[in-house]
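Colleague: sequence first, then the predicted structure:
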Amino acid sequence: MEINALGAELNLGATDQGFAQGSFTTYSGRPTVSFVPEMNTAKLTLNSPRRLTAGNVRGEKLALQLTDKIPLDLAINTGAAKGMLDLSHLKVNTLELNTGAADMQLKFCLYIG
């Protein structure tokens, strides 16, 4: 899964209801979402409406909950943003996190069993 929330406040967590759910508050258009199923996997990409202004001056916010049922490969690109990435209940195989001048908090699982 790839999340491109450039300049938006990003809050990520888990859900046991479906694959993904969330909301996007924006003043600059709608986000784009693409879903491409492949053989044993699927690629989901979420893009903020456009490159937002540094420091989230316009107040764009993305709240997203991902499934806690299957392993995920996450690529998150935020630019100058803030938010909370709560990965504690997600099954994360890999995490690629690219930020600019960001104030991001990350929460990981304390026990892996």
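Modeller: Looks like it came in fine.
Colleague: and residue 20, how far is that from residue 90?
Modeller: Summarising the geometry, the distance separating residue 20 from residue 90, computed by Cβ to Cβ, to the nearest Å, is 11 Å. C-beta: built from backbone N, CA, C; applies to glycine.
Colleague: and the nearest residue to residue 35 once chain neighbours are set aside, what pLDDT?
Modeller: The spatially closest residue to residue 35, leaving aside those adjacent along the chain, is residue 44, at 5.2 Å (Cβ to Cβ, 6 or more residues apart in numbering). With respect to pLDDT, residue 44 scores 79.
Colleague: what sits against residue 44?
Modeller: For residue 44, the residues meeting the contact criterion (Cβ atoms under 8 Å, 6 or more residues apart in numbering) are 1-2, 19-20, 33-36.
Colleague: could you pick out the buried ones from those residues?
Modeller: Buried by 16 or more other Cβ atoms under 10 Å: residue 1, out of the contacts of residue 44.
Colleague: which of the three states applies to residue 30?
Modeller: Put simply, residue 30 is coil when judged by DSSP: H, G, I helix; E, B strand; the rest coil.
Colleague: tally of neighbours for it?
Modeller: Taking other Cβ atoms under 10 Å as the neighbour definition, residue 30 ends up with a count of 9.
Colleague: can I get the contacts of residue 44 in a markdown table including secondary structure?
Modeller: What follows is these, written out as a markdown table (three-state DSSP):
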| residue | secondary structure |
| --- | --- |
| 1 | coil |
| 2 | strand |
| 19 | coil |
| 20 | strand |
| 33 | strand |
| 34 | strand |
| 35 | strand |
| 36 | strand |
